[in-house]
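Engineer: Here is my input, please return the structure:
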Amino acid sequence: MELIHTAFRVTDLERSKEFYLDGLGFEEKWGFEEDGVEHVYLGPETGSDIHIFEDPSNDEPVTGGGSDTIHTDHSVCLLVEEDLHGVFEELVERTDCHVILPPKTTPFETHRNVITFVEDPDGHAIELIERLEGPPPE
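Structural biologist: You can find the predicted model right below:
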């Protein structure tokens, strides 16, 4: 099985592209317009894409936004190979995104990760993760 992409409806395509391209350093891979709806596929150089689309006929907010909880029905996990803290700092500086959970090391007995949750401009929860080696913290 292969995951090809995750799709999010957004209310402002240019604002969302700024978040994913400038904030996370993704590339715009391709896109198309169909029935007045613009679709754009973004992602890292390799791996799955995020498909964002703006439907001008639907002006309803996507989510409440600005929350302090994680919208599990709108989450996507992005793996960061090396420096989650550096990526997080750049993302917050470049986009002023809402931080749900600042970076923290997970206390799991079987594995350690550094995780953070932020919201994209439409309130979708985005999880960034850095996999660590070694035993969990004491």
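Engineer: Every contact and neighbour count from this point should use C-alpha atoms.
Structural biologist: OK.
Engineer: Which helix runs longest in the protein?
Structural biologist: Counting by DSSP state H, the longest helix found in the chain is helix 84-95.
Engineer: which secondary structure elements does that helix contact?
Structural biologist: strand 99-105, strand 112-119, strand 125-132 (3 or more CA pairs under 8 Å, 6 or more residues apart in numbering; DSSP states H and E).
Engineer: quick one, that helix and strand 125-132 angle?
Structural biologist: Interaxial angle, helix 84-95 versus strand 125-132 (axes from the mean of the first three to the mean of the last three CA atoms, to 10 degrees): 150 degrees.
Engineer: which other residues reach helix 84-95?
Structural biologist: Helix 84-95 has contacts (CA atoms under 8 Å, 6 or more residues apart in numbering) with 18-19, 22-24, 97, 103, 114-116, 128-130.
Engineer: Give me the neighbour count for Arg112.
Structural biologist: Using other CA atoms under 10 Å, Arg112 has 18 neighbouring residues.
Engineer: Quick one, which of the contacts of helix 84-95 are buried?
Structural biologist: By neighbour count, with 16 or more other CA atoms under 10 Å, those hold 18-19, 23-24, 97, 103, 114-116, 128-130 as buried.
Engineer: ok, back up a step: CSV please, covering the helices and strands packed on helix 84-95 and showing distance to Leu84 and mean pLDDT.
Structural biologist: Output for these, formatted as CSV (distance: least, CA to CA, whole Å; pLDDT from 0 to 100):
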stretch, distance to Leu84, mean pLDDT
strand 99-105, 8, 92
strand 112-119, 7, 87
strand 125-132, 6, 86
